[in-house]
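Enquirer: my questions are about this predicted structure, shown below with the sequence.
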Amino acid sequence: MKKINVNLSQNPYPVYIGSNIVDQLNKKIIKHCKGSSLFFVIDSRVNHYHGKLITKIIKEFPNKTGKFIFNSTEKNKSYESLNHIYEKLINGKYGRDTAIIAIGGGITGDIAGFAAATYMRGVEYVQVPTTLLADIDSSVGGKTGFNFGGIKNIIGAFHQPKFVLIDTSFLTTLDKNELICGLGEALKYSFIATEALAKFFNLKFKSLLQGEQSSIAKLIEESIEFKSAVVESDEKESGLRKILNLGHTFAHAIEAEQKNLIKHGQAVVAGIVCSIFLSQSLGILNPRKEKEFLNAVNLFKGSIKLKSPNADKIYRFMQTDKKNRSGDIKFVLIQDTGKILLDISAGKKLVLDSIKKGIEVFA
Ligand SMILES: NC(=O)c1ccc[n+]([C@@H]2O[C@H](COP(=O)([O-])OP(=O)(O)OC[C@H]3O[C@@H](n4cnc5c(N)ncnc54)[C@H](O)[C@@H]3O)[C@@H](O)[C@H]2O)c1
C-alpha cells in the first residue's frame with residue numbers, strides 16, 4: 001500500500017492507495033479518528049456491487065454504526081439529501097465523536113463531507129473514493145458542498161478528511177463513461193503538472209481507457225502527489241489552487257447548455273479545448289505546444305459527443321453564471337506545460353470564437 005501525505009499545517013492527513021485494501025478501513029479509522037461512532041454515506045451503485053464487503057466492514061467495527069445509502073445524481077446533491085443525513089444523525093443520537101465515512105464518487109464525497117463540516121459544528125470524516133474522478137481529484141483537498149437553486153456547488157465548506165483510502169479495485173465495476181470522466185480530469189493534470197505526467201498520459205492513454213490496473217494506479221499516485229502539493233500551498237483557493245480550474249469556466253457553461261446530458265469530466269475536456277483556443281488567440285500559448293495539447297485532447301474523440309452545441313448559448317451561460325457575481329468572466333489559461341495564468345479577462349469575440357472552435361472538436 002502506498003502512502004502520500006497531504007502536509008497541511010493545521011490538518012495534515014495521509015492518502016492510502018492500493019488494490020483490495022478497503023478491508024483495512026476499520027484499522028485505519030481506529031488509528032486516525034477519535035470518533036467512537038461511525039456514520040456511513042454510501043453510493044447506491046457502489047452498494048449494489050460491493051455491498052457485501054462494505055456490510056462486513058461495518059459489522060466488524062466495534063462501536064455504534066449507521067448508514068445512509070444515496071443515489072448520487074447532481075439532482076440529489078441537494079439540501080433534501082443532506083436533510084436525510086442530518087435527520088438520521090440526530091434521530092440516531094450521534095454525538096460530536098462521530099466520524100462520517102463517504103464511500104462513493106465525487107457527489108457522495110462532497111455531500112458527506114459537507115454534512116461532516118456542519119453537523120455539531122464539524123465532525124471527523126473519511127473519504128473512500130470509488131470513481132477515477134474522485135480518486136484523482138475530489139477526495140483530496142477538503143472541498144465539500146452541494147447544489148442549490150440550480151447552481152452547482154454554490155453552498156459548501158472547506159473541511160479536510162482525517163484520511164483518504166483509495167482502493168483501485170472499486171474501479172472494476174465503473175462504467176466506461178465514468179472512467180472517461182476521470183481521464184478528463186487527468187488530462188487537466190497532464191497539462192498543468194509536469195512534462196513527465198503529460199508523457200505518461202499520452203503514452204498510456206489506451207491502457208488507461210481499458211482500465212489497466214498498473215497504469216491506473218500510477219496515474220492516481222502521480223495525480224495525488226501533484227494535487228496535494230497544490231493544496232498544501234493554497235488550502236482555501238486564494239491563488240495557486242485556481243490552476244485546478246483550467247477549462248472549468250467553459251465546462252460549467254457547456255454542462256448547462258447540454259442540459260447536464262454530458263458528465264462533468266467530459267465537459268471539462270471540452271472546456272479545456274476552448275481554453276487552449278482562447279490562450280492561442282490571446283497570444284499566450286506557446287505555438288509549439290498548441291499541437292501537442294490538441295493531440296492529447298483528440299485522444300477523447302469518439303468518447304465525448306456534444307448534442308447540437310450552440311456557442312452563443314454557452315457564452316450566455318458563462319455571462320449569467322451566478323457564481324460570477326462581479327459580471328466579469330475570468331479565465332484560467334495555459335502558456336506551456338505547468339505554466340498556467342490565472343484571472344485573465346478576454347473580449348466577447350475572442351471568447352465566442354474559442355467556444356466555436358472548441359465545440360467543433362466534439363460536435
Ligand atoms: N470536492 C472537489 O474538490 C471536487 C473536485 C472535482 C469534482 N467534484 C464533484 O464531483 C462530482 C463528480 O464526481 P464523480 O464523477 O465521481 O460522480 P458520481 O459521484 O456521480 O459518480 C459517478 C457515477 O458512478 C457510480 N459509481 C461510483 N463508484 C462506482 C463504482 N465503483 N462502480 C460502479 N459505479 C460507481 C455512481 O453511482 C454514479 O452513477 C461533481 O458533483 C463535482 O462537482 C468535486
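Expert: That came through fine.

Enquirer: domain parsing for this protein?
Expert: Annotated domains of the chain cover 2-173, 176-362 [automatic domain parsing].

Enquirer: out of those domains, which comes closest to the ligand?
Expert: Minimum separation from the ligand across those (Cβ to the nearest ligand atom) falls at domain 2-173, 2.1 Å. Glycine gets a C-beta too; all of them are placed from N, C-alpha and C.

Enquirer: and T55, how many residues sit next to it?
Expert: 14 (other Cβ atoms under 10 Å).

Enquirer: that one looks like it's in a helix, true?
Expert: Yes: when DSSP: H, G, I helix; E, B strand; the rest coil is applied, T55 is found to be in a helix.

Enquirer: close to the ligand, is the helix or strand containing I100?
Expert: Assignment of secondary structure by DSSP states H and E places I100 within strand 98-104. Yes: residues of strand 98-104 contacting the ligand under Cβ under 6 Å from any ligand atom: G104.

Enquirer: so what strands line up beside that strand?
Expert: strand 37-43 (parallel), strand 124-129 (parallel) (DSSP bridges).

Enquirer: so which of these is the most surrounded?
Expert: Ranked by mean neighbour count under mean count of other Cβ atoms under 10 Å, those are led by strand 124-129, which reaches a mean of 28.

Enquirer: and the helix or strand following that strand, what does it pack onto?
Expert: Toward the C-terminal end, the helix or strand that comes next after strand 124-129 (DSSP H and E) is helix 132-133. Identification of packing neighbours for helix 132-133 by 3 or more Cβ pairs under 8 Å, 6 or more residues apart in numbering; DSSP states H and E yields helix 176-192.

Enquirer: quick check: mean pLDDT of whichever helix or strand comes after the helix it packs on?
Expert: Following the chain from helix 176-192 toward its C-terminal end, the next helix or strand by DSSP H and E is helix 195-209. Helix 195-209 shows a mean pLDDT of 95.

Enquirer: if we can go back for a sec, which of the domains of the chain has the lowest mean pLDDT?
Expert: domain 176-362 (a mean of 93).

Enquirer: and that domain with the ligand, contact?
Expert: Yes: with Cβ under 6 Å from any ligand atom as the criterion, the ligand is reached by domain 176-362 at E178, C181, H264, G265.

Enquirer: centroid-nearest residue for the chain?
Expert: With distances taken as Cα atoms, centre = their mean, the residue of the chain nearest its centroid is S138 (3.4 Å).

Enquirer: how near is that one to I42?
Expert: According to Cβ to Cβ, to the nearest Å, S138 and I42 sit 16 Å apart.

Enquirer: so who does G358 touch?
Expert: By Cβ atoms under 8 Å, 6 or more residues apart in numbering, the contact set of G358 is F250, A270, G271, V273, C274, I276, F277.

Enquirer: for the nearest residue to the fifth one once chain neighbours are set aside, pull up the helix or strand it's in.
Expert: Counting by Cβ to Cβ, 6 or more residues apart in numbering, G358 is the residue found nearest to C274 once chain neighbours are left out, at 3.4 Å. In this assignment (DSSP H and E), G358 forms part of helix 348-362.

Enquirer: list the buried residues in that helix.
Expert: Under the neighbour-count criterion of 16 or more other Cβ atoms under 10 Å, helix 348-362 has V351, L352, D353, S354, I355, K356, K357, G358, I359, V361, F362 buried.

Enquirer: need the contact list for the residue lying closest to D312 once chain neighbours are set aside.
Expert: Nearest residue to D312, sequence neighbours excluded (Cβ to Cβ, 6+ apart): L352, at 7.3 Å. Taking Cβ under 8 Å, 6+ apart as the definition of contact, the neighbours of L352 are A311, D312, Y315.

Enquirer: how near is D23 to E74?
Expert: Taken as Cβ to Cβ, the span from D23 to E74 is 31 Å.

Enquirer: who's more crowded, these two?
Expert: For D23 and E74, the more surrounded residue by other Cβ under 10 Å is E74, and the numbers stand at 15 against 12.
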